[in-house]
Structure formats: C-alpha cells, structure tokens
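Participant: Starting from these lines, generate the structure:
(chains A and B)
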Amino acid sequence: MNMHAQPQRTLAETALIDAFGERLSQLPGDGAVMVKRDDAIEAIKNGLPTRRVESWHYTDLRRLLTSVPAFEAGAVAKALAPVLEGSAVLPVLNGVSQTKLPEVEGVTVQRLSEKLTDGSVAPGLDPYGDDDAIGALNTAFVADGYFVDIAGGVELEKPIEFQNLQAGGQSHVRLLARIGAGAKAIIVERQAGEASEDGEALVSSVSQLVVGDGAQVTWLIVQEQQDTATHLAQFKAHIGKDAKLTVFVMNAGGKLVRQEVVVRTTGEGADFKLRGINLLAGDTHTDTTMVLDHAVPHTTSTEVIRNVVTGKARGVFQGRINVHQYAQKTNAKMACNTLLLSDDGEFSTKPELEIFADDVVCGHGATVTEIDHNHLFYLMARGIDEKSARGLLVKAFVAEVIEELDDEALVEALEERLDGWFSTHG
Amino acid sequence: MLEIRNLHARIVDDGTEIIRGLNLTVKAGEVAAIMGPNGSGKSTLSYILAGREDYEVTEGDILYNGQSILEMDPAERATAGIFLAFQYPMEIPGVATMEFLKVAMNEQRKARGEEPLKVPEFLKRVKEAAASLSMDMNMLKRPLNVGFSGGEKKRAEILQMKLLEPKLCVLDETDSGLDIDALKIVSDGVNALRSPERAIVVITHYQRLLEHIVPDTVHVLYKGQVIKSGNKSLALDLEANGYAGVIGEAA
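Facilitator: Residues are numbered from 1 along each chain as shown, chains lettered A, B, ... in the order given. Okay, the predicted model is just below:
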C-alpha cells in the first residue's frame, strides 16, 4: 500500500507480521481466502501508511500505531444491553461469533467463520485501493463475524444490533449485510470494549452492506471503545436504485480511531446521508474518512459532521465526493462543524470534490467555533450556572444532528449515549 | 429594591463610555418606565443590570435589596431574582425550549435550596402560563426561540418571566415588533405580575406600551444619565412634544 520502501520495520509492523505467522494455522479459509490473506500481509510488509500517503496525511498510522498487543485467548467479553430496547443482538465476543442467536422472521444469519471456510466471501476481501490499510489488516486476520441477509420486502419491526466487543488483545471482525429490494431495517453496529489488564487492544472491523433497490436502511455506528484501544474500522456500502441509506457515526471513545465510510451509489434515485458526531476527549486521535462515489445519474447525498474537541484530543474529517462523468444531476452537500473547547485540542478537515460531470450541484463547508458568548449570556441570565449552561450548549451543538434522524426511539437512545459521555467528560 | 448610584460604565472592547453618572431608585411594588432617544444608553443599562461581560462598570454601584451586585455573574443575579426580558431574545438551535425551561426553573430552585419540580407540576405550570399568554404548546416543542416570530419571542420572554417569578423585572423594549393584539396580551402578562413585593423596570421608546403598563414613575435617559424624572404625565408630555424640550431643559 505504501509505494516507498520503508528503511526499517516499526515494532508494530514486526508484531503484526509475526502474529500472522503464528495465527495462520488457526485462521479459517479455503484456498481463495488464504490467497487474499497472503496478499494482505504482503501489503503490510511493505509498510503501514505514513503522512506521505494522501489519504493518511492527517493520521500517520505508521507513527501512531506504536505497539500491537498479542492475541489473548483467555479474554472474555460480555454482551451488552442493546442501544435500542428490543433489538435482536448478534454479539461477537473477542472476535468470536455465537451459535445461539435470536431468530428474526425474514432474516437469515450465518457465522462468518463458515463463509470464510467455504470461501464464499473471498471476492469481498479485496482492498478498495492501494491505500486500504484497514482492509488489508482485516483481511489478513479476520476470523469471524456474521453474514446477515434480509429478504426482499421485509420490514423489520425491531432493529438488529451487531456487537463487536473485546476485552483486550486483538480482534478482527467482519460483518456482511445484504438488504433485499424494498426491505426496511435499522441496524446498529456497536463497537466497544471492556477494560483489560494491560489496557491495550487492537480492533479491526469491516462492515460491508448492499442495499437493494428501493430498500431503506438506517445504520448506526456507536463506537465507545476504552481510551486505551486502537480501533480501525471500515464501512462499505452500495446503494441500489431508489434506495435510501442513512449512516450515523458516533465516535465517543478509543485512543487511536479511524472510521472509514466508503459508499457508492449504484442505481438512479439512490440517496445517501452521513451524519456524524465525534466526541473527543483526553488524548484521542479520531479520524473519520469518507469516500463517496456518485457513480450513476440522479443520485443525492448530504453529509453533516459535528465535532466536540476537549483536552488534548485531535480529530480528522476527510470527505471525498467523486462525481463520475455520467453521474449528471447529482446533488451533494457536505458540512463539518467543530466546537473547539480547549487550547490544546485540534481538528483537521479536508473536503475534496472531484467532479467529472457538468450538470451537478455540489457544495461543502467547514467551520470551527467556540461557544457563542451571546448564547451563554442568555442561558446564564435565566439562572443557569456557567458550567451547566456550557454543557447545554455543547450538547445542543451535537444533538441537532441526532434530532435530524426523525425517529423518536432512535433520538432518545442516542441522546442517552450522549448524556453518558457528557456525564463522564463534561 | 434597586438603587443605582452615580453609575459609570463603558464598553470593554473599545472603552466607549455609555453610562455617565446615572442615578435611579426603584422601590418594591413600583413600575418605573425608562424612556429616551436612540443611543441614550437604555439597552446598555439593562445589560449591565443583568451582568453582561461586554460592559465594565468604572464608577458607582448598583444595589439590589441593599447589596451590591457588581461582583455577581449573570446566573447569580438571576437566581437572586433579577430578570431581563431581552429586546432581541437569542435563538439557540438544539436546546429544546421545554428542557431549557425545566433546567432554568430547577437551577433557580436549587440555588434557593428548594427541591426540583416534579414533571407533572412543571408541565402544569408551563401550560397555565402558556395559556395565559395565548401561546401554543407546540411552539415550546421547538428549539429555543428558533423560527419564532418577533412577537412569539417576546411572548416567550414573558412566559419565562412568569415561570421564574423574579423580584426585579427589567423589560427591554418589549413592545418592539409587537402588533396591537400581541401588545395587549404581553402587557396583560406583565400587569398580572405587578405586586407589592416586585419592581418592574420598563424600557421603551414610546408612550404606546405605557398605556397598557401604566408606570408609577417615568425617567428620561439621555447620554447615559437620568435627566428628568416624573410621573406618568411626563411620558404623555414626551409623546406630545418629543425629547427636545426635556433635553433643552437639562442642558
């Protein structure tokens, strides 16, 4: 993935390569899968991406990934109560899927280890580009996860919650989801960890989604890792004709975090919404990177990212929108707003529009602000003390994005997560 | 209740002196009107009373029930019972109006050592206050003041005032942006709060509001000073003859 030969491997690179050698015999996969794994580890042998690789400029993975924990066979994570009450929960505990799973009508669930063993997922293991370090890391090591197939026309009454939970060590998990034509679903992707003995954890998680024609999907990524964990995640989706996909990302934890969102509209009338809130505290480095391809005519998208930066936290949002030559009448709007609450915090925003069609509407905007003193004065003039007033305003800044989701249960559940974060970091 | 003594104040940013030796006393139970031409310092005075940091008091004092409030921040002043109805209420996206009302009421109760309101009691109070101001409860489901018309914002200010039950109410140009019907509703709302324990300071350009909220005293503010005080007939005189006469007298 890195065109420059590295002079010397870092500790992390060496640890990953050694771990691959040790794990290889335990990794599921037929011949085709094992070839993909070999290709992937070769890419890692060429070096993790540095700031000289454009898409990793603000997250120099080679420098930031300072150590890699060993696999911990004994680590045990416990399933959590779902974000939305009544959800069907699919837990992956320390990288291992479960056999006892809830049954949902119209939904077929299979353990990913089986699909790796029979090789049926091999084509999906390819990286999406030569800078796809997360894809490579995951492909090399992925051992389990789920394949979720929602039949056409099925309207799920309750959400499905996929839980990727770790208790230290390494886990590499993949979730595949296929939403049939005209189906409707809310899917929660929960990424969290328990405090472990040495505190270290390395998680890679890749989700691949195909949204069938006319289907409507809301996908919530709720990332609340321990503040010692490295979390490298990727969400990839194809959106079919007249289908709607809303992806909501909440980053509220982790030491080194990168969440990639890679989306392509594949049918006319497809609509994509990305909404994100990054709640950054301590010395986290949290990167949200989106690559969106408007690949066919008449497709629409909006992206709104709101960031709260405290302490020594650093945040990154990269939003790249590619409008292909034939993708006329594309309508795309992107905004990234940051509330910077400390002198030591920082946030980098990089919007990129590459437009090859000539009849499109595309726009982007970015702001970095502090708390509005007029607003603060107004609230205080009603007897709300300064600390509470600041809290209300900061929460309001991100709650606006949540309220846009237009589903009361969802909004309430997410605001509860938000309150949880503010009560420990406010 | 309120005693302003030889107050001098300036804008922090550029040092411009706005209030230049202002004296004013308002007793409990009194409704005092402050009138004056544009730029006389009326709104500045209201902000200084509420504790806005953009202004710095360089001389004099403001006593509230005999105690200086100059060292108190806006929240402390509010919990002590001082309320400013803003000329231009802020729109605050993302803060739900009901949530805001609940937090404000309970923070003030907490500061006074009272228990927080239970939800049914809170809702009852808001409903009653909203009904008395002909406000639709649906409006209160929106973010604070966002998308409210000028008149709705002013009503929302009076609603807050009713719910927070302050001791000293300062109304900054509450009549601006109101049509006749809204003016009547808002004035009735203010009049309902008149009581022997409460003082109300009404800042206005025009006599019109004072037909509805009849003041006990009228004070003319000019170049940061009270240049003339009188009873309600002074307001009528100003309406008939303009500020020029009074300003000429004082000069």
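Participant: what does chain B have sitting close to chain A?
Facilitator: Neighbours of chain A within chain B, by CB under 8 Å from any CB of the partner chain: B:50-53, B:73-75, B:77-79, B:83-84, B:86, B:89-90, B:92-95, B:99-100, B:103-104, B:107-108, B:111, B:143, B:160, B:164. In short, each C-beta sits where N, CA and C put it, glycine included.
Participant: so where's the stretch 101-250 of chain A uncertain?
Facilitator: A:197-198 (pLDDT under 70).
Participant: From residue A:112, how far off is residue B:27?
Facilitator: 78 Å (CB to CB, to the nearest Å).
Participant: more crowded one of the two?
Facilitator: residue A:112 (22 against 13; other CB atoms under 10 Å in any protein chain shown).
Participant: For the nearest residue to residue A:148 once chain neighbours are set aside, name its beta-bridge partners.
Facilitator: Distance criterion CB to CB, 6 or more residues apart in numbering or on different chains; nearest residue to residue A:148, sequence neighbours excluded, is residue A:177 at 4.5 Å. Judged by DSSP bridges, the bridge partners of residue A:177 are residue A:148, residue A:209.
Participant: ok, how many other residues are close to residue A:177?
Facilitator: Residue A:177 sits with 24 neighbouring residues when counted by other CB under 10 Å.
Participant: and it, what does it touch?
Facilitator: A:147, A:148, A:149, A:150, A:187, A:207, A:208, A:209, A:210 (CB atoms under 8 Å, 6 or more residues apart in numbering or on different chains).
Participant: can you pull the contacts of the first one?
Facilitator: Taking CB under 8 Å, 6+ apart as the definition of contact, the neighbours of residue A:147 are A:109, A:110, A:111, A:112, A:115, A:121, A:176, A:177, A:178.
Participant: helix or strand for the one residue in chain A that gets nearest to chain B, which one?
Facilitator: Nearest residue of chain A to chain B, counting by CB to the nearest CB: residue A:396, 2.9 Å away. Using DSSP states H and E, residue A:396 falls within helix A:386-403.
Participant: what are the C-alpha coordinates of that helix, in PDB please?
Facilitator: Output in PDB follows, covering the C-alpha atoms of helix A:386-403 (Å, rounded to 0.1, in the frame of the first residue of the first chain):
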ATOM      1  CA  GLU A 386     -21.900  28.700  33.700                       C
ATOM      2  CA  LYS A 387     -20.900  25.100  33.800                       C
ATOM      3  CA  SER A 388     -24.400  23.800  33.200                       C
ATOM      4  CA  ALA A 389     -25.000  26.500  30.500                       C
ATOM      5  CA  ARG A 390     -21.900  25.400  28.700                       C
ATOM      6  CA  GLY A 391     -22.900  21.800  28.900                       C
ATOM      7  CA  LEU A 392     -26.300  22.600  27.500                       C
ATOM      8  CA  LEU A 393     -24.800  24.500  24.500                       C
ATOM      9  CA  VAL A 394     -22.200  21.800  23.700                       C
ATOM     10  CA  LYS A 395     -24.900  19.100  23.900                       C
ATOM     11  CA  ALA A 396     -27.200  21.200  21.700                       C
ATOM     12  CA  PHE A 397     -24.500  21.500  19.100                       C
ATOM     13  CA  VAL A 398     -24.300  17.800  18.500                       C
ATOM     14  CA  ALA A 399     -27.900  16.900  19.500                       C
ATOM     15  CA  GLU A 400     -29.000  18.900  16.400                       C
ATOM     16  CA  VAL A 401     -27.600  16.200  14.200                       C
ATOM     17  CA  ILE A 402     -29.200  13.400  16.200                       C
ATOM     18  CA  GLU A 403     -32.600  15.100  16.200                       C
END
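Participant: still on that earlier bit, so which of the residues of chain B next to chain A sit within helices?
Facilitator: Among the residues of chain B next to chain A, the ones falling in helices (DSSP state H) are B:50, B:74-75, B:77-79, B:99-100, B:103-104, B:107-108, B:111, B:160, B:164.
Participant: Narrow those to those that are buried.
Facilitator: Taking 16 or more other CB atoms under 10 Å in any protein chain shown as the criterion, what is buried in those is B:50, B:74-75, B:77-79, B:99-100, B:103-104, B:107-108, B:160, B:164.
Participant: ranges for the strands of chain B?
Facilitator: For chain B, the strands defined by DSSP state E cover B:2-11, B:17-26, B:31-35, B:55-64, B:67-68, B:82-85, B:92-96, B:143-144, B:168-172, B:199-203, B:217-222, B:225-230.
Participant: And the stretch 51-200 of chain A, by the same measure?
Facilitator: A:88-93, A:96-97, A:107-111, A:144-150, A:160-166, A:169-179, A:184-193 (DSSP state E, counting those that start in this stretch).
Participant: Give me the distance from the first one to the chain's centre.
Facilitator: Here the centre of mass of C-alpha atoms in strand A:88-93, compared against the chain's by CA atoms, centre = their mean, to the nearest Å, lies 17 Å away.
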